[in-house]
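A.B. asks: sequence-free structure coming up:
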């Protein structure tokens, strides 16, 4: 990870993942984070939710 312990808010993640002309609500990030955590299994805690701010990887 090139930026460990940096907290990314939903808006930052949306901007890095989807193109600007695509309509995506910020809750979409939460759904995808949950799906990624499910796939990570025992390593799901590698993605930390920072309440009210965003996510830390």
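C.D. replies: Arrived safely. Not measured: the values here are computed from a predicted model. Numbers count the residues shown, from 1 in each chain.

A.B. asks: All the strands of the protein, in order from the start?
C.D. replies: 7-8, 48-50, 54-56 (DSSP state E).

A.B. asks: Can you add distance to residue 25 and give those strands back as TSV?
C.D. replies: Heads up, the C-betas are built off the backbone N, CA and C, glycines and all. As requested, the strands of the chain are arranged in TSV below (distance: least, Cβ to Cβ, whole Å):
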stretch	distance to residue 25
strand 7-8	17
strand 48-50	18
strand 54-56	15
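
A.B. asks: Out of these, the one nearest residue 17 is which?
C.D. replies: strand 7-8 (10.5 Å; Cβ to Cβ).

A.B. asks: Please state the offset of the closest one from the chain centre?
C.D. replies: Strand 7-8 sits 8 Å away from the centroid of its parent chain (Cα atoms, centre = their mean, to the nearest Å).

A.B. asks: got a list of what the spatially most distant residue from the centre of the chain touches?
C.D. replies: Distance to the chain centre peaks in the chain at residue 21, reaching 19.8 Å (criterion: Cα atoms, centre = their mean). Residue 21 sits next to no residue when contact means Cβ atoms under 8 Å, 6 or more residues apart in numbering.
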